[in-house]
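**Student:** model this:
(chains A, B, C and D)
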Protein chains: 2
Amino acid sequence: MVKSTRPREGGTASRALDVAERLVQVRGFNAVSYADVSKELGVTTAALHYHFAGKAELGEALIIRYRERFNDALEAIDRDTSDAHAKLEAYADLYSGVLRNDRMCLCGMLAAEFDSLSTGMQGAVLLFFKENEAWLADVLQEGREAGTLEFKGTPLEEGRSILSCLEGAMLVARSFGEIGRFQQVVDHLLAMLRPSAQSG
Amino acid sequence: MVKSTRPREGGTASRALDVAERLVQVRGFNAVSYADVSKELGVTTAALHYHFAGKAELGEALIIRYRERFNDALEAIDRDTSDAHAKLEAYADLYSGVLRNDRMCLCGMLAAEFDSLSTGMQGAVLLFFKENEAWLADVLQEGREAGTLEFKGTPLEEGRSILSCLEGAMLVARSFGEIGRFQQVVDHLLAMLRPSAQSG
DNA sequence: GTCTATAGGCAGATAGAC
DNA sequence: GTCTATCTGCCTATAGAC
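**Tutor:** Here you go, the predicted model:
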(Lines give C-alpha, C1' and ligand atoms only; values in the text may rest on other atoms or scores of the structure.)
Protein backbone atom coordinates (compact mmCIF):
# COMPACT_ATOMS: atom_id res chain seq x y z
CA MET A 1 0.00 0.00 0.00
CA VAL A 2 1.28 3.41 -0.98
CA LYS A 3 0.17 5.60 1.87
CA SER A 4 0.79 9.29 2.22
CA THR A 5 1.57 10.77 5.61
CA ARG A 6 2.20 14.25 4.35
CA PRO A 7 4.93 15.88 6.43
CA ARG A 8 4.17 19.41 7.54
CA GLU A 9 5.29 21.93 4.96
CA GLY A 10 8.48 23.64 6.13
CA GLY A 11 9.18 21.07 8.83
CA THR A 12 12.35 19.04 8.92
CA ALA A 13 10.81 15.99 7.25
CA SER A 14 9.50 18.12 4.41
CA ARG A 15 12.79 19.94 3.96
CA ALA A 16 14.63 16.63 4.07
CA LEU A 17 12.47 15.44 1.20
CA ASP A 18 13.25 18.64 -0.71
CA VAL A 19 16.98 18.10 -0.37
CA ALA A 20 16.87 14.36 -1.00
CA GLU A 21 14.63 14.80 -4.02
CA ARG A 22 17.03 17.15 -5.69
CA LEU A 23 20.08 15.06 -4.89
CA VAL A 24 18.47 11.85 -6.14
CA GLN A 25 17.21 13.49 -9.32
CA VAL A 26 20.73 14.72 -10.07
CA ARG A 27 22.98 11.89 -8.86
CA GLY A 28 20.73 8.87 -8.52
CA PHE A 29 19.47 7.13 -5.39
CA ASN A 30 22.56 4.96 -4.91
CA ALA A 31 24.86 7.96 -5.09
CA VAL A 32 23.07 9.81 -2.28
CA SER A 33 23.69 9.08 1.39
CA TYR A 34 21.95 9.91 4.62
CA ALA A 35 24.98 12.04 5.42
CA ASP A 36 24.60 14.03 2.18
CA VAL A 37 21.02 14.90 3.00
CA SER A 38 21.44 15.60 6.70
CA LYS A 39 24.57 17.68 6.17
CA GLU A 40 22.86 19.95 3.67
CA LEU A 41 19.89 20.09 5.98
CA GLY A 42 22.05 21.16 8.91
CA VAL A 43 21.14 18.24 11.15
CA THR A 44 22.75 14.91 12.03
CA THR A 45 21.96 11.59 10.41
CA ALA A 46 20.40 10.52 13.70
CA ALA A 47 17.83 13.29 13.36
CA LEU A 48 17.04 12.11 9.88
CA HIS A 49 16.49 8.60 11.19
CA TYR A 50 13.88 10.01 13.55
CA HIS A 51 11.81 11.13 10.55
CA PHE A 52 12.52 8.22 8.24
CA ALA A 53 13.30 4.79 9.64
CA GLY A 54 15.77 3.98 6.89
CA LYS A 55 16.92 4.98 3.45
CA ALA A 56 14.27 2.84 1.80
CA GLU A 57 11.51 4.60 3.76
CA LEU A 58 12.97 7.97 2.82
CA GLY A 59 13.03 6.84 -0.80
CA GLU A 60 9.43 5.70 -0.69
CA ALA A 61 8.27 8.96 0.86
CA LEU A 62 10.16 10.72 -1.90
CA ILE A 63 8.30 8.94 -4.67
CA ILE A 64 4.92 9.25 -2.97
CA ARG A 65 5.23 13.01 -2.60
CA TYR A 66 6.60 13.40 -6.13
CA ARG A 67 3.68 11.39 -7.47
CA GLU A 68 1.10 13.40 -5.50
CA ARG A 69 2.53 16.68 -6.75
CA PHE A 70 2.66 15.38 -10.29
CA ASN A 71 -0.97 14.31 -10.08
CA ASP A 72 -1.87 17.75 -8.75
CA ALA A 73 -0.15 19.28 -11.76
CA LEU A 74 -2.12 17.00 -14.07
CA GLU A 75 -5.37 18.04 -12.41
CA ALA A 76 -4.35 21.66 -12.87
CA ILE A 77 -3.81 21.02 -16.56
CA ASP A 78 -7.24 19.45 -16.81
CA ARG A 79 -8.71 22.49 -15.08
CA ASP A 80 -6.92 25.14 -17.10
CA THR A 81 -6.81 23.54 -20.53
CA SER A 82 -9.57 22.14 -22.66
CA ASP A 83 -7.81 21.32 -25.92
CA ALA A 84 -6.20 17.88 -25.87
CA HIS A 85 -3.22 18.97 -27.93
CA ALA A 86 -2.58 21.86 -25.56
CA LYS A 87 -2.79 19.46 -22.62
CA LEU A 88 -0.04 17.35 -24.11
CA GLU A 89 2.09 20.43 -24.58
CA ALA A 90 1.52 21.37 -20.96
CA TYR A 91 2.42 17.82 -19.95
CA ALA A 92 5.70 18.01 -21.84
CA ASP A 93 6.36 21.37 -20.19
CA LEU A 94 6.28 19.66 -16.80
CA TYR A 95 9.21 17.57 -17.92
CA SER A 96 10.98 20.55 -19.47
CA GLY A 97 10.83 22.28 -16.13
CA VAL A 98 12.53 19.36 -14.44
CA LEU A 99 15.22 19.28 -17.09
CA ARG A 100 15.84 23.01 -16.81
CA ASN A 101 16.73 22.42 -13.18
CA ASP A 102 19.39 19.99 -14.38
CA ARG A 103 17.38 17.11 -13.02
CA MET A 104 16.08 13.84 -14.36
CA CYS A 105 12.50 12.76 -13.71
CA LEU A 106 12.66 11.16 -10.25
CA CYS A 107 10.93 8.00 -11.38
CA GLY A 108 12.89 7.79 -14.61
CA MET A 109 16.04 7.92 -12.52
CA LEU A 110 14.74 5.27 -10.15
CA ALA A 111 13.64 3.12 -13.08
CA ALA A 112 17.29 2.82 -14.06
CA GLU A 113 18.20 1.75 -10.53
CA PHE A 114 15.06 -0.37 -10.28
CA ASP A 115 16.68 -3.71 -9.43
CA SER A 116 18.57 -2.23 -6.50
CA LEU A 117 15.48 -0.63 -4.90
CA SER A 118 13.27 -1.95 -2.10
CA THR A 119 10.00 -3.52 -3.20
CA GLY A 120 8.16 -0.58 -1.70
CA MET A 121 10.07 1.87 -3.86
CA GLN A 122 9.64 -0.32 -6.91
CA GLY A 123 5.89 -0.43 -6.46
CA ALA A 124 5.69 3.33 -6.03
CA VAL A 125 7.70 3.92 -9.21
CA LEU A 126 5.44 1.65 -11.25
CA LEU A 127 2.36 3.34 -9.83
CA PHE A 128 3.70 6.71 -10.96
CA PHE A 129 4.16 5.40 -14.47
CA LYS A 130 0.73 3.76 -14.57
CA GLU A 131 -1.04 6.92 -13.46
CA ASN A 132 0.82 8.97 -16.05
CA GLU A 133 -0.09 6.53 -18.77
CA ALA A 134 -3.72 6.55 -17.67
CA TRP A 135 -3.86 10.35 -17.72
CA LEU A 136 -2.25 10.46 -21.15
CA ALA A 137 -4.69 7.82 -22.40
CA ASP A 138 -7.62 9.93 -21.22
CA VAL A 139 -6.28 13.02 -22.98
CA LEU A 140 -5.60 11.06 -26.15
CA GLN A 141 -9.10 9.60 -26.08
CA GLU A 142 -10.60 13.10 -25.71
CA GLY A 143 -8.49 14.41 -28.55
CA ARG A 144 -9.41 11.55 -30.82
CA GLU A 145 -13.11 12.08 -30.15
CA ALA A 146 -12.81 15.82 -30.66
CA GLY A 147 -10.83 15.29 -33.84
CA THR A 148 -7.87 17.32 -32.61
CA LEU A 149 -5.55 14.31 -32.24
CA GLU A 150 -4.92 11.39 -34.55
CA PHE A 151 -2.98 8.22 -33.78
CA LYS A 152 -2.91 4.52 -34.48
CA GLY A 153 -3.81 1.91 -31.87
CA THR A 154 -5.43 2.43 -28.51
CA PRO A 155 -5.08 5.59 -26.40
CA LEU A 156 -3.31 3.57 -23.71
CA GLU A 157 -0.77 2.22 -26.18
CA GLU A 158 -0.12 5.70 -27.51
CA GLY A 159 0.13 7.05 -23.98
CA ARG A 160 2.70 4.43 -23.09
CA SER A 161 4.77 5.33 -26.12
CA ILE A 162 4.67 9.00 -25.24
CA LEU A 163 5.73 8.38 -21.63
CA SER A 164 8.62 6.16 -22.70
CA CYS A 165 9.82 8.61 -25.31
CA LEU A 166 9.71 11.55 -22.92
CA GLU A 167 11.63 9.66 -20.24
CA GLY A 168 14.25 8.61 -22.77
CA ALA A 169 14.51 12.08 -24.20
CA MET A 170 15.15 13.46 -20.72
CA LEU A 171 17.73 10.81 -20.02
CA VAL A 172 19.77 11.50 -23.13
CA ALA A 173 19.28 15.27 -23.28
CA ARG A 174 20.44 15.67 -19.70
CA SER A 175 23.62 13.72 -20.36
CA PHE A 176 24.47 16.05 -23.19
CA GLY A 177 23.37 19.05 -21.17
CA GLU A 178 21.27 20.08 -24.14
CA ILE A 179 17.63 20.75 -23.36
CA GLY A 180 17.07 21.40 -27.04
CA ARG A 181 17.43 17.68 -27.65
CA PHE A 182 14.45 17.09 -25.39
CA GLN A 183 12.33 19.77 -27.00
CA GLN A 184 13.09 18.36 -30.42
CA VAL A 185 11.69 14.96 -29.48
CA VAL A 186 8.63 16.63 -27.97
CA ASP A 187 8.01 18.65 -31.11
CA HIS A 188 8.39 15.50 -33.16
CA LEU A 189 5.94 13.55 -31.02
CA LEU A 190 3.34 16.30 -31.01
CA ALA A 191 3.65 16.82 -34.74
CA MET A 192 2.88 13.14 -35.27
CA LEU A 193 -0.38 13.56 -33.38
CA ARG A 194 -1.67 16.41 -35.53
CA PRO A 195 -4.68 15.34 -37.57
CA SER A 196 -3.74 14.11 -41.03
CA ALA A 197 -0.06 14.56 -40.30
CA GLN A 198 2.00 13.08 -43.09
CA SER A 199 5.09 11.30 -41.84
CA GLY A 200 7.40 12.65 -44.53
CA MET B 1 40.91 10.11 -25.54
CA VAL B 2 38.93 6.91 -25.64
CA LYS B 3 41.56 4.30 -26.22
CA SER B 4 41.00 0.59 -26.52
CA THR B 5 43.51 -1.84 -25.09
CA ARG B 6 41.52 -4.94 -25.85
CA PRO B 7 42.04 -7.48 -23.10
CA ARG B 8 42.74 -11.00 -24.29
CA GLU B 9 39.52 -12.92 -24.80
CA GLY B 10 39.03 -15.41 -21.97
CA GLY B 11 41.64 -13.77 -19.75
CA THR B 12 40.85 -12.40 -16.34
CA ALA B 13 40.47 -8.82 -17.53
CA SER B 14 38.05 -9.88 -20.22
CA ARG B 15 36.03 -12.06 -17.87
CA ALA B 16 36.00 -9.27 -15.31
CA LEU B 17 34.45 -7.03 -17.94
CA ASP B 18 31.85 -9.71 -18.72
CA VAL B 19 30.80 -9.93 -15.08
CA ALA B 20 30.93 -6.19 -14.44
CA GLU B 21 29.00 -5.45 -17.61
CA ARG B 22 26.13 -7.68 -16.61
CA LEU B 23 26.04 -6.41 -13.03
CA VAL B 24 26.09 -2.77 -14.11
CA GLN B 25 23.41 -3.28 -16.75
CA VAL B 26 21.16 -4.87 -14.14
CA ARG B 27 21.87 -2.89 -10.96
CA GLY B 28 23.58 0.29 -12.10
CA PHE B 29 27.21 1.35 -11.71
CA ASN B 30 26.83 2.75 -8.21
CA ALA B 31 25.23 -0.45 -6.94
CA VAL B 32 28.15 -2.61 -8.10
CA SER B 33 31.34 -2.98 -6.09
CA TYR B 34 34.81 -4.29 -6.77
CA ALA B 35 33.97 -7.04 -4.30
CA ASP B 36 30.86 -8.04 -6.26
CA VAL B 37 32.83 -8.46 -9.46
CA SER B 38 35.90 -10.15 -7.99
CA LYS B 39 33.84 -12.53 -5.87
CA GLU B 40 31.85 -13.75 -8.85
CA LEU B 41 35.07 -13.98 -10.78
CA GLY B 42 36.70 -16.11 -8.11
CA VAL B 43 39.60 -13.74 -7.43
CA THR B 44 40.36 -11.09 -4.82
CA THR B 45 39.77 -7.39 -5.22
CA ALA B 46 43.53 -6.93 -5.26
CA ALA B 47 43.73 -9.02 -8.42
CA LEU B 48 41.07 -6.88 -10.00
CA HIS B 49 43.08 -3.77 -9.14
CA TYR B 50 46.00 -5.27 -11.06
CA HIS B 51 43.92 -5.21 -14.25
CA PHE B 52 42.03 -1.98 -13.65
CA ALA B 53 43.60 0.79 -11.60
CA GLY B 54 40.29 1.84 -10.09
CA LYS B 55 36.57 1.58 -10.45
CA ALA B 56 36.48 4.49 -12.88
CA GLU B 57 39.02 2.79 -15.14
CA LEU B 58 37.01 -0.42 -15.02
CA GLY B 59 33.92 1.57 -15.89
CA GLU B 60 35.62 3.24 -18.82
CA ALA B 61 36.90 -0.05 -20.18
CA LEU B 62 33.36 -1.35 -19.87
CA ILE B 63 31.91 1.39 -22.04
CA ILE B 64 34.70 1.24 -24.59
CA ARG B 65 34.25 -2.49 -25.17
CA TYR B 66 30.48 -2.17 -25.23
CA ARG B 67 30.77 0.58 -27.81
CA GLU B 68 33.17 -1.38 -29.98
CA ARG B 69 30.92 -4.42 -29.97
CA PHE B 70 27.91 -2.29 -30.74
CA ASN B 71 29.70 -0.70 -33.66
CA ASP B 72 30.65 -4.16 -34.89
CA ALA B 73 27.00 -5.12 -34.77
CA LEU B 74 26.08 -2.01 -36.75
CA GLU B 75 28.67 -2.88 -39.38
CA ALA B 76 27.21 -6.37 -39.57
CA ILE B 77 23.77 -4.90 -40.16
CA ASP B 78 25.17 -2.74 -42.95
CA ARG B 79 26.78 -5.83 -44.46
CA ASP B 80 23.78 -8.13 -44.22
CA THR B 81 20.92 -5.76 -44.88
CA SER B 82 20.31 -3.39 -47.73
CA ASP B 83 16.82 -2.06 -47.04
CA ALA B 84 16.85 0.92 -44.69
CA HIS B 85 13.63 -0.10 -42.97
CA ALA B 86 15.01 -3.57 -42.33
CA LYS B 87 18.17 -2.00 -40.91
CA LEU B 88 16.12 -0.09 -38.37
CA GLU B 89 14.31 -3.29 -37.40
CA ALA B 90 17.65 -5.01 -36.93
CA TYR B 91 18.84 -2.07 -34.86
CA ALA B 92 15.82 -2.32 -32.59
CA ASP B 93 16.46 -6.06 -32.30
CA LEU B 94 19.86 -5.30 -30.78
CA TYR B 95 18.06 -3.54 -27.96
CA SER B 96 15.44 -6.28 -27.66
CA GLY B 97 18.23 -8.75 -27.11
CA VAL B 98 19.61 -6.71 -24.24
CA LEU B 99 16.17 -6.43 -22.68
CA ARG B 100 15.51 -10.15 -23.01
CA ASN B 101 18.57 -10.69 -20.81
CA ASP B 102 16.85 -8.53 -18.18
CA ARG B 103 19.38 -5.80 -18.78
CA MET B 104 19.25 -2.11 -19.57
CA CYS B 105 21.43 -0.63 -22.31
CA LEU B 106 24.77 -0.04 -20.57
CA CYS B 107 24.98 3.56 -21.71
CA GLY B 108 21.32 4.25 -20.98
CA MET B 109 21.96 3.03 -17.46
CA LEU B 110 25.06 5.18 -17.13
CA ALA B 111 23.22 8.17 -18.58
CA ALA B 112 20.97 8.07 -15.52
CA GLU B 113 23.99 8.01 -13.23
CA PHE B 114 25.82 10.51 -15.44
CA ASP B 115 26.52 13.18 -12.83
CA SER B 116 28.18 10.69 -10.50
CA LEU B 117 30.55 9.31 -13.16
CA SER B 118 34.17 10.22 -13.87
CA THR B 119 34.73 12.56 -16.78
CA GLY B 120 36.30 9.70 -18.71
CA MET B 121 33.18 7.61 -18.34
CA GLN B 122 30.98 10.55 -19.20
CA GLY B 123 32.86 11.18 -22.42
CA ALA B 124 32.66 7.52 -23.42
CA VAL B 125 28.90 7.44 -22.84
CA LEU B 126 28.35 10.52 -24.99
CA LEU B 127 30.54 9.08 -27.72
CA PHE B 128 28.41 5.94 -27.76
CA PHE B 129 25.28 8.02 -28.21
CA LYS B 130 26.81 10.20 -30.91
CA GLU B 131 27.96 7.22 -32.95
CA ASN B 132 24.55 5.62 -32.68
CA GLU B 133 22.86 8.81 -33.82
CA ALA B 134 25.27 9.13 -36.72
CA TRP B 135 24.62 5.56 -37.84
CA LEU B 136 20.87 6.07 -37.58
CA ALA B 137 21.16 9.31 -39.53
CA ASP B 138 22.99 7.50 -42.33
CA VAL B 139 20.34 4.80 -42.52
CA LEU B 140 17.54 7.37 -42.48
CA GLN B 141 19.24 9.34 -45.24
CA GLU B 142 19.55 6.18 -47.37
CA GLY B 143 15.91 5.31 -46.77
CA ARG B 144 14.73 8.76 -47.65
CA GLU B 145 16.68 8.75 -50.90
CA ALA B 146 15.46 5.25 -51.76
CA GLY B 147 11.90 6.25 -50.92
CA THR B 148 11.50 3.50 -48.35
CA LEU B 149 11.45 5.85 -45.36
CA GLU B 150 9.62 9.10 -44.82
CA PHE B 151 10.11 11.57 -41.99
CA LYS B 152 10.08 15.25 -41.19
CA GLY B 153 13.25 17.20 -40.41
CA THR B 154 16.84 16.14 -40.89
CA PRO B 155 18.06 12.54 -40.67
CA LEU B 156 20.15 13.46 -37.62
CA GLU B 157 17.17 14.94 -35.83
CA GLU B 158 15.10 11.86 -36.59
CA GLY B 159 17.97 9.62 -35.51
CA ARG B 160 18.22 11.43 -32.21
CA SER B 161 14.51 10.99 -31.61
CA ILE B 162 14.72 7.28 -32.34
CA LEU B 163 17.67 6.78 -30.01
CA SER B 164 15.96 8.65 -27.18
CA CYS B 165 12.71 6.78 -27.60
CA LEU B 166 14.40 3.39 -27.66
CA GLU B 167 16.40 4.15 -24.51
CA GLY B 168 13.28 5.36 -22.75
CA ALA B 169 11.27 2.38 -23.89
CA MET B 170 13.93 0.05 -22.50
CA LEU B 171 14.02 1.95 -19.22
CA VAL B 172 10.29 1.74 -18.63
CA ALA B 173 9.69 -1.72 -20.10
CA ARG B 174 12.40 -3.23 -17.94
CA SER B 175 10.91 -1.75 -14.77
CA PHE B 176 7.59 -3.39 -15.58
CA GLY B 177 9.34 -6.57 -16.65
CA GLU B 178 7.29 -6.41 -19.83
CA ILE B 179 9.31 -6.63 -23.02
CA GLY B 180 6.07 -6.20 -24.95
CA ARG B 181 6.05 -2.57 -23.88
CA PHE B 182 9.35 -2.05 -25.65
CA GLN B 183 8.25 -3.81 -28.81
CA GLN B 184 5.11 -1.73 -28.92
CA VAL B 185 7.10 1.50 -28.97
CA VAL B 186 9.38 0.06 -31.65
CA ASP B 187 6.41 -0.93 -33.83
CA HIS B 188 4.96 2.52 -33.37
CA LEU B 189 8.19 4.25 -34.34
CA LEU B 190 8.75 2.08 -37.40
CA ALA B 191 5.16 2.50 -38.53
CA MET B 192 5.64 6.27 -38.47
CA LEU B 193 8.53 5.94 -40.87
CA ARG B 194 6.61 4.02 -43.51
CA PRO B 195 6.11 6.07 -46.66
CA SER B 196 2.79 7.93 -46.66
CA ALA B 197 1.99 6.71 -43.18
CA GLN B 198 -1.07 8.49 -41.84
CA SER B 199 -0.82 9.37 -38.19
CA GLY B 200 -4.37 8.32 -37.29
C1' DG C 1 13.33 16.51 17.80
C1' DT C 2 17.94 16.79 17.92
C1' DC C 3 22.16 15.72 19.79
C1' DT C 4 26.81 12.81 20.86
C1' DA C 5 28.84 8.70 20.49
C1' DT C 6 29.49 4.54 18.55
C1' DA C 7 28.71 0.23 16.53
C1' DG C 8 29.48 -2.97 12.56
C1' DG C 9 29.97 -3.40 7.95
C1' DC C 10 31.45 -2.50 3.42
C1' DA C 11 33.63 0.65 0.15
C1' DG C 12 37.87 1.46 -2.86
C1' DA C 13 42.56 1.05 -2.58
C1' DT C 14 47.63 -0.31 -1.42
C1' DA C 15 51.99 -2.90 0.25
C1' DG C 16 54.50 -6.61 -0.16
C1' DA C 17 54.99 -11.84 -0.30
C1' DC C 18 54.77 -15.57 -3.56
C1' DG D 1 48.97 -12.45 -11.76
C1' DT D 2 47.25 -13.52 -7.62
C1' DC D 3 47.47 -13.69 -2.88
C1' DT D 4 47.12 -12.05 2.41
C1' DA D 5 46.81 -8.40 5.20
C1' DT D 6 45.64 -4.01 6.18
C1' DC D 7 44.29 0.92 5.85
C1' DT D 8 41.23 4.64 5.79
C1' DG D 9 37.00 6.30 5.06
C1' DC D 10 32.16 6.26 4.49
C1' DC D 11 27.89 3.84 4.98
C1' DT D 12 23.39 2.77 7.55
C1' DA D 13 21.78 2.38 11.89
C1' DT D 14 21.10 2.53 17.05
C1' DA D 15 21.47 3.83 22.17
C1' DG D 16 20.77 7.08 25.23
C1' DA D 17 21.35 12.02 26.94
C1' DC D 18 19.22 16.51 26.55
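**Student:** spatially central residue in chain A, please.
**Tutor:** The residue lying closest to the centre of chain A (Cα atoms, centre = their mean) is residue A:105, at 4.5 Å.
**Student:** which residues touch it?
**Tutor:** Residue A:105 makes contact with A:25, A:95, A:98, A:167, A:170 under the criterion Cβ atoms under 8 Å, 6 or more residues apart in numbering or on different chains. (Each C-beta comes from the backbone N, C-alpha and C, glycine too.)
**Student:** I'd assumed residue A:97 was in contact with the last one.
**Tutor:** The one in question is residue A:170. No. Assessed by Cβ atoms under 8 Å, residue A:170 is found out of contact with residue A:97, at 11.1 Å.
**Student:** so for those two, which sits in the more crowded spot?
**Tutor:** residue A:170 (29 against 11; other Cβ atoms under 10 Å in any protein chain shown).
**Student:** how about that one, secondary structure?
**Tutor:** For residue A:170, the assignment made with DSSP: H, G, I helix; E, B strand; the rest coil gives helix.
**Student:** against residue A:176, how distant is it?
**Tutor:** 11 Å (Cβ to Cβ, to the nearest Å).
**Student:** again, but for residue A:156
**Tutor:** To residue A:176, residue A:156 is 31 Å away according to Cβ to Cβ.
**Student:** try residue A:96
**Tutor:** 15 Å.
**Student:** now residue A:128
**Tutor:** 25 Å.
**Student:** in terms of neighbours, single out the busier of these two.
**Tutor:** A direct count of neighbours by other Cβ under 10 Å for residue A:128 and residue A:176 places residue A:128 higher, at 25 against 17.
**Student:** that one contacts residue A:66, correct?
**Tutor:** Yes. Here residue A:128 lies in contact with residue A:66, judged by Cβ under 8 Å, at a distance of 7.2 Å.
**Student:** remind me what the helix or strand harbouring residue A:99 packs against, helices and strands.
**Tutor:** Assigned by DSSP states H and E, residue A:99 falls within helix A:84-100. Helix A:84-100 sits against helix A:55-80, helix A:119-146, helix A:155-176, helix A:179-192, with contacts defined as 3 or more Cβ pairs under 8 Å, 6 or more residues apart in numbering or on different chains; DSSP states H and E.
**Student:** I'd like the next helix or strand past that helix.
**Tutor:** Remark: after helix A:84-100, the chain's next helix or strand is helix A:106-112, criterion DSSP H and E.
**Student:** so that next one, near chain B or not?
**Tutor:** Yes. Counting by Cβ under 8 Å from any Cβ of the partner chain, chain B is contacted by helix A:106-112 at A:108-109, A:111-112.
**Student:** again, but for stretch A:10-29
**Tutor:** Yes. Taking Cβ under 8 Å from any Cβ as the criterion, stretch A:10-29 and chain B are in contact, through A:26-28.
**Student:** contacts only, for residue A:8.
**Tutor:** residue A:14.
**Student:** relative to residue A:16, how far out is it?
**Tutor:** 12 Å.
**Student:** identify the contacts common to these two.
**Tutor:** By Cβ under 8 Å, 6+ apart, residue A:8 and residue A:16 have no common neighbours.
**Student:** any idea how far residue B:191 is from residue A:138?
**Tutor:** According to Cβ to Cβ, residue A:138 stands 23 Å off from residue B:191.
**Student:** just want to know which of the two has more residues nearby.
**Tutor:** More neighbours surround residue A:138 than the other of residue A:138 and residue B:191, with 17 against 14 (other Cβ under 10 Å).
**Student:** what residues are up against the nearest residue to that one once chain neighbours are set aside?
**Tutor:** Excluding the flanking residues, the one nearest residue A:138 by Cβ to Cβ, 6 or more residues apart in numbering or on different chains is residue A:155, at 7.4 Å. Residues in contact with residue A:155 (Cβ under 8 Å, 6+ apart) are A:136-138, A:140-141, A:144.
**Student:** please list the residues of chain A that sit near DNA strand D.
**Tutor:** With Cβ under 7 Å from any atom of the strand as the criterion, chain A meets DNA strand D at residues A:32-36, A:45-46, A:49, A:53-56.
**Student:** got CSV for these, with secondary structure, neighbour count and distance to residue A:12 too?
**Tutor:** Converted to CSV, the residues of chain A next to DNA strand D look like this (DSSP: H, G, I helix; E, B strand; the rest coil; neighbours: other Cβ atoms under 10 Å in any protein chain shown; distance: Cβ to Cβ, whole Å):
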residue, secondary structure, neighbour count, distance to residue A:12
A:32, coil, 23, 17
A:33, coil, 12, 18
A:34, helix, 18, 14
A:35, helix, 11, 16
A:36, helix, 16, 16
A:45, helix, 14, 13
A:46, helix, 9, 12
A:49, helix, 15, 12
A:53, coil, 9, 15
A:54, coil, 11, 17
A:55, helix, 19, 17
A:56, helix, 15, 19
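**Student:** in TSV, list the residues you listed along with pLDDT and distance to DNA strand C.
**Tutor:** TSV is the format used below for the residues of chain A next to DNA strand D (pLDDT from 0 to 100; distance: Cβ to the nearest atom of the strand, whole Å):
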residue	pLDDT	distance to DNA strand C
A:32	98	15
A:33	98	10
A:34	98	11
A:35	98	10
A:36	98	14
A:45	98	6
A:46	98	3
A:49	98	7
A:53	98	12
A:54	98	13
A:55	98	12
A:56	98	16
